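Colleague: Show me the folded form of this:
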Amino acid sequence: EIAASTLPDIRLLNVPKNMQSKEQFDLEPCEWTACNPQTSPLFTAVGYFFGKELQPEIGVPVGLIHTSWGGTNVESWISGKVLQEMPDFSKVVEDIRAMPDKVAMKADYLKALEAWNNRVDEGFAAGKPVRAEVSLDDKAWGKLNFPGMVDQQGLGDFDGLIWLRRTVDIPASWAGKKVQLVLGAIDDNDITYWNGREVGRTDGYSVQRNYTVPGKLVKAGPLTLAIRVTDTGGGCGMPDELYLRSDNGEQISLAGEWKYQIAADARKEGMFPKDMSEDPNLPTSLYNAMIHPLVPYSIRGAIWYQGENNASRAYQYRELFPLVIENWRKDWGQDFPFYFVQLANFMQVSPNPVDSDWAELREAQARTLSVANTGMAVIIDKGDANDIHPKDKQAVGHRLAL
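Modeller: Okay, the predicted model is just below:
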């Protein structure tokens, strides 16, 4: 599909992910691009297939504004003025308005995180990464296998700080030449050391780690890799392929047994400070940064694919979701079409009848059809029991286009 995506009558605008505690009037830098094999892979698949089918039918160019953030709550996409109409959120909206701006929130978080780390992690002594030192005796450390997740290897629902170490041999032919250290998407944050020297750090469970190690650090013989992994919630581990790659394309696999030592268990030490400056589920925050700046840009309608995050509060969704439609239509001053996707099937089939949050959320979505000029694309047949993101986006785009 990517190879066939030279479609000059479809234009794409990817709105950068951003959250703010107050309404913004400008987007983060972004620009319209023509749809082609270079730009389409970075775009919404549902939006692409929707626009591709729509454009020949209406006979004019189609502009697709992609403003979304996966795994977010519906209340993040509603303005404070509208959301405070609900008693459940009136106090929350007041608290958010009183928050400092994003830069100040980030500074407060970093200060609190440093204090937490200094209190719980003995791996840093006098500011030095003791657990990354080559001379450290790690014989008593436990063992884990990667790629993999620690939760599935006897550590249960681990959250906190964990150090990982592995030793491999660097061939003489690599000495003095830069090396790529490929670690995939570590869950959640990492600081990575090469023979005790930091070579990279990244925050975010879905971000690929590909660190370039300068040649001056690459020496023949044993190499000690150490990774300080911070898990702030959910799964923890290194699920992707792990390897070193030289300039000439040779690779050394890092898969297999790693040593580990838990530096801090959040269940005992208390959870990490929360980074509110990066929290997309702060009510109103995505509306403020990713919807409000678009008003009153000319649009003809909206398509919406969300709901999983609100399944545990499905009854409340009956009120929240129509508020999104009401809110945006008021902003643009028109009752434009608003089409949405009902949740796909997910999770294993139960042989007996059970209560289902997802079924209740689907009912809330269906009730939203009482709002004028709305439509619902049903994709219950396109779900995947093991994947919350079913792969068939073409069918979803097609049904929205219908």
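Colleague: tell me the secondary structure for F50?
Modeller: For F50, the secondary-structure state derived from DSSP: H, G, I helix; E, B strand; the rest coil is helix.
Colleague: for the one 3 residues further on, same thing?
Modeller: When the structure is split into helix, strand and coil by three-state DSSP, E53 lands in helix.
Colleague: Could you double-check that it lies in contact with H398?
Modeller: Yes: if you go by C-beta atoms under 8 Å, E53 and H398 touch, sitting 6.0 Å apart. Backbone N, C-alpha and C define where each C-beta goes, glycine included.
Colleague: Verify the stated contact: R197 with K216.
Modeller: No: R197 is not in contact with K216 according to C-beta under 8 Å; the separation is 9.9 Å.
Colleague: Could you check which of these two is surrounded by more residues?
Modeller: Neighbour count, other C-beta atoms under 10 Å: between R197 and K216, R197 has more, with 14 against 9.
Colleague: For that one, list the residues it contacts.
Modeller: Contacts for R197 were tallied using C-beta atoms under 8 Å, 6 or more residues apart in numbering; they are L217.
Colleague: ok, and the helix or strand in this structure with the lowest average confidence?
Modeller: Lowest on mean pLDDT, DSSP states H and E among the helices and strands of the chain sits strand 124-125, with a mean of 62.
Colleague: can I assume V60 sits in a strand?
Modeller: No: assessed with three-state DSSP, V60 is coil; it does not lie in a strand.
Colleague: Just checking the distance from stretch 190-205 to the centre of its chain.
Modeller: Centre-to-centre, stretch 190-205 and its host chain are 20 Å apart (C-alpha atoms, centre = their mean, to the nearest Å).
Colleague: Only C-alpha atoms, please: export that stretch in CSV.
Modeller: The C-alpha trace of stretch 190-205 is given here as CSV (Å, rounded to 0.1, in the frame of the first residue of the first chain):
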residue,chain,number,x,y,z
ASP,A,190,16.9,3.7,30.6
ILE,A,191,20.4,5.0,31.3
THR,A,192,22.9,2.8,29.4
TYR,A,193,26.6,2.4,30.2
TRP,A,194,29.5,1.0,28.2
ASN,A,195,32.3,-0.2,30.5
GLY,A,196,31.1,2.3,33.1
ARG,A,197,30.7,5.2,30.7
GLU,A,198,27.2,6.5,29.9
VAL,A,199,26.4,6.2,26.2
GLY,A,200,22.7,7.0,26.1
ARG,A,201,19.5,7.6,28.0
THR,A,202,15.9,7.6,26.8
ASP,A,203,12.5,8.1,28.4
GLY,A,204,9.5,6.3,27.0
TYR,A,205,8.4,2.7,26.7
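Colleague: Now do the buried residues in it.
Modeller: 190-196, 199-200, 202, 205 (16 or more other C-beta atoms under 10 Å).
Colleague: Now, those that are in helices?
Modeller: In helices, judged by DSSP state H, none of the buried residues of stretch 190-205 are found.
Colleague: Can you list the low-confidence ranges for the stretch 1-150 of the chain?
Modeller: Within the stretch 1-150 of the chain, the stretches with pLDDT under 70 are 118, 120, 122-127.
Colleague: Name all residues that make contact with the residue lying closest to V15 once chain neighbours are set aside.
Modeller: By the measure of C-beta to C-beta, 6 or more residues apart in numbering, the closest residue to V15 outside its immediate chain neighbours is T67, 3.9 Å from it. By C-beta under 8 Å, 6+ apart, the residues touching T67 are 15, 290-291, 294.
Colleague: Quick check: phi and psi at the residue sitting furthest away from the middle of the chain.
Modeller: No residue in the chain sits farther from the centre than A172, which is 39.9 Å out by C-alpha atoms, centre = their mean. With angles defined as degrees, to the nearest 10, A172 sits at phi -60, psi -30.
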